[in-house]
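Trainee: Return atomic coordinates for the entry below.
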Amino acid sequence: MFSEYGYGNARLRAMRSRLLTEADYGALLAKANIEELIAALTETSYQQDIEVALVRAEGVRCIFEALRTNLTRTLSQVRGFFEGQPLTLFNLLLRRWDRHNLLTILRGQQQEISPELVLATVVPVGQLDEVSLRELARQPGLRAAIDLMITWRLPYAQVLRQAQAHPDAISGLDQLELALNRFHYASLWEALGPGNDDRAIMREHFQTEIDLINLSAILRLVRIPGVATLVGQRYNAPDISPLLIESYGRLPVPRLNELVAADVGIEGVVRALSDTRYGQALAAGWQRYQAGEGDPAVLERELERWQAGQTAAMFTRNPLSIAIPIGYLGCKEIEVTNLRLISQAVFLGMPREQVRRDMIIV
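Mentor: Below you'll find the model as predicted:
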């Protein structure tokens with residue numbers, strides 16, 4: 001086992017120690033303007049990426065480009081730490097970026113966003129490299145992009161074409177996202193199959209992701225009066241199962257269906273799921289919402305905070321397992337998300353206390 005994970009996990013533990021701390025975030029958030037923030041970032045591990053990005057962009061766009069480059073470079077570097085079975089499992093973790101990149105491009109195509117702006121938010125570390133993503137982003141429309149995916153025989157292409165050809169009760173883009181998510185997790189489950197402890201850790205990790213996607217959907221749906229009847233009529237279905245990812249998560253879909261059918265509202269969902277592993281996070285989000293700290297999306301933010309804690313806890317598990325790569329990837333992605341929030345806050349002059357509440361510290 002040591003020969004499989006020993007070297008790579010030792011490197012990841014060292015890299016984790018160099019991630020930004022809460023004090024670092026506070027110092028960055030205190031900067032008066034974007035120029036000061038850029039200067040401060042050149043004194044961190046992002047120095048190289050900031051200096052390269054300054055040649056092509058300025059202001060907040062420079063920071064966003066540097067963050068994207070740094071994340072892409074870091075994930076590619078980590079992949080090089082492993083071989084054999086650990087590499088196979090690590091590549092399954094990176095598939096989420098194929099899903100993210102394709103969804104980003106589909107959104108850009110539908111909303112007619114310029115390819116340059118779309119490509120500024122992709123992270124080419126999965127099956128699709130930057131050249132392929134650029135070609136997809138430059139297609140003249142959504143259908144043309146999906147046609148090109150089919151020509152390339154990408155795994156996601158057929159399900160996207162089927163979803164596009166059969167629009168249902170939700171918007172076209174939402175339908176594509178749901179189809180993408182369903183295929184993504186079905187393919188991961190098939191690739192994992194039965195197996196050793198590492199595969200069990202992976203399945204547990206993906207189950208949490210599925211539950212959180214379904215919970216986010218439920219929290220939105222219960223805010224729509226009569227949504228169960230509406231979905232039933234449009235889908236000719238007895239419940240809202242067509243809008244959820246079935247089979248793989250820990251939260252039983254029938255239980256979620258019952259909540260929507262009972263028309264319990266957000267508070268009812270929070271109360272009904274108080275006995276689950278997500279109960280404390282839902283309660284914290286509901287408390288923030290009642291205190292006027294934001295719209296109902298604060299519940300999803302608290303679920304993300306809980307998930308971040310679970311991800312960081314991976315470092316306390318078997319030190320010679322896939323848990324360490326899962327933990328590091330999650331912590332690194334959280335750092336990049338926090339830096340994006342800080343950059344937007346400094347650029348837009350947002351109240352810093354609000355941003356502190358939304359940041360996730362692990």
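Trainee: Might one say that residue 217 is in contact with residue 244?
Mentor: Yes. Assessed by Cβ atoms under 8 Å, residue 217 is found in contact with residue 244 at 6.1 Å. Glycine gets a C-beta too; all of them are placed from N, C-alpha and C.
Trainee: Which one's more surrounded, those two?
Mentor: For residue 217 versus residue 244, the count of surrounding residues by other Cβ atoms under 10 Å is larger for residue 244: 24 against 20.
Trainee: continuing past the lengthiest helix in the chain, what's the next helix or strand?
Mentor: For the chain, the helix that runs over the most residues, judged by DSSP state H, is helix 84-111. Next along the chain after helix 84-111, taking DSSP states H and E as the criterion, comes helix 115-119.
Trainee: buried sites along the helix or strand of the chain with the lowest mean pLDDT?
Mentor: Least confident helix or strand of the chain, by mean pLDDT, DSSP states H and E, is helix 227-235 with a mean of 78. For helix 227-235, a neighbour-count test (16 or more other Cβ atoms under 10 Å) marks 227-228, 231-232, 235 as buried.
Trainee: Out of those, the closest to residue 296 would be?
Mentor: residue 227 (14.4 Å; Cβ to Cβ).
Trainee: contacting residues around stretch 352-362?
Mentor: 22, 25, 29-30, 288, 293, 301, 304-305, 308-309, 311-312, 330-331, 334, 337-338, 341-342, 345 (Cβ atoms under 8 Å, 6 or more residues apart in numbering).
Trainee: Buried ones among those residues?
Mentor: 25, 29, 288, 301, 304-305, 308, 311-312, 330-331, 334, 337-338, 341-342, 345.
Trainee: So which of these are in strands?
Mentor: Within the buried ones among the contacts of stretch 352-362, no residue falls in strands by DSSP state E.
Trainee: roughly how far is stretch 329-342 from the heart of the chain?
Mentor: From the chain centre to the centre of stretch 329-342 is a distance of 11 Å (Cα atoms, centre = their mean, to the nearest Å).
Trainee: CA atoms of that stretch as PDB?
Mentor: As requested, the backbone C-alpha atoms of stretch 329-342 are provided in PDB (Å, rounded to 0.1, in the frame of the first residue of the first chain):
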ATOM      1  CA  LEU A 329      -8.600  18.600  -3.900                       C
ATOM      2  CA  GLY A 330     -11.500  19.800  -1.800                       C
ATOM      3  CA  CYS A 331      -9.400  22.200   0.300                       C
ATOM      4  CA  LYS A 332      -7.600  23.600  -2.800                       C
ATOM      5  CA  GLU A 333     -10.900  24.200  -4.600                       C
ATOM      6  CA  ILE A 334     -12.300  25.900  -1.500                       C
ATOM      7  CA  GLU A 335      -9.200  28.200  -1.400                       C
ATOM      8  CA  VAL A 336      -9.800  29.300  -5.000                       C
ATOM      9  CA  THR A 337     -13.500  29.900  -4.300                       C
ATOM     10  CA  ASN A 338     -12.600  32.100  -1.300                       C
ATOM     11  CA  LEU A 339     -10.100  34.100  -3.300                       C
ATOM     12  CA  ARG A 340     -12.700  34.700  -6.000                       C
ATOM     13  CA  LEU A 341     -15.200  35.900  -3.300                       C
ATOM     14  CA  ILE A 342     -12.500  38.200  -1.900                       C
END
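Trainee: now the host helix or strand of residue 270: mean pLDDT?
Mentor: According to DSSP H and E, residue 270 maps onto helix 265-272. On average, the pLDDT along helix 265-272 is 95.
Trainee: and what of stretch 283-303?
Mentor: 92.
Trainee: distance between the ends of it?
Mentor: Taking Cα to Cα, to the nearest Å, stretch 283-303 runs 10 Å from one end to the other.
Trainee: what does it contact?
Mentor: 212, 215-216, 219, 223, 266-267, 270, 274, 278, 281-282, 305, 357-358.
Trainee: of all those, which two lie farthest apart?
Mentor: 274 and 358 (23.8 Å).
Trainee: neighbour-wise, which of these two wins?
Mentor: Neighbours per residue (other Cβ under 10 Å) separate residue 274 from residue 358, with residue 358 holding more: 17 against 12.
Trainee: Next, find the distance separating that one from residue 147.
Mentor: 39 Å (Cβ to Cβ, to the nearest Å).
Trainee: what about residue 112, how many neighbours?
Mentor: What residue 112 shows, counting by other Cβ under 10 Å, is a neighbour count of 8.
Trainee: picking that back up, show me the contacts of stretch 352-362 that map onto helices.
Mentor: 22, 25, 29, 288, 301, 304-305, 308-309, 311-312, 330-331, 334, 337-338, 341-342, 345.
Trainee: Mind checking what secondary structure the nearest residue to residue 225 once chain neighbours are set aside has?
Mentor: The shortest distance from residue 225 to any non-neighbouring residue, by Cβ to Cβ, 6 or more residues apart in numbering, is to residue 263 (7.7 Å). Following DSSP: H, G, I helix; E, B strand; the rest coil, residue 263 is assigned to coil.
Trainee: Can you give me every residue that contacts residue 263?
Mentor: 222, 225-226, 228.
Trainee: What backbone torsions are found at it?
Mentor: Here is the backbone geometry of residue 263 (degrees, to the nearest 10): phi 50, psi 50.
Trainee: any idea how far residue 224 is from it?
Mentor: From residue 263 across to residue 224, the span is 10 Å (Cβ to Cβ).
Trainee: Ok, residue 264 next?
Mentor: From residue 264 across to residue 224, the span is 13 Å (Cβ to Cβ).
Trainee: Which one of these two is surrounded by more residues?
Mentor: Shown here are residue 264 and residue 224; by other Cβ under 10 Å, residue 264 has more neighbours (15 against 12).
Trainee: Understood, closing this out.
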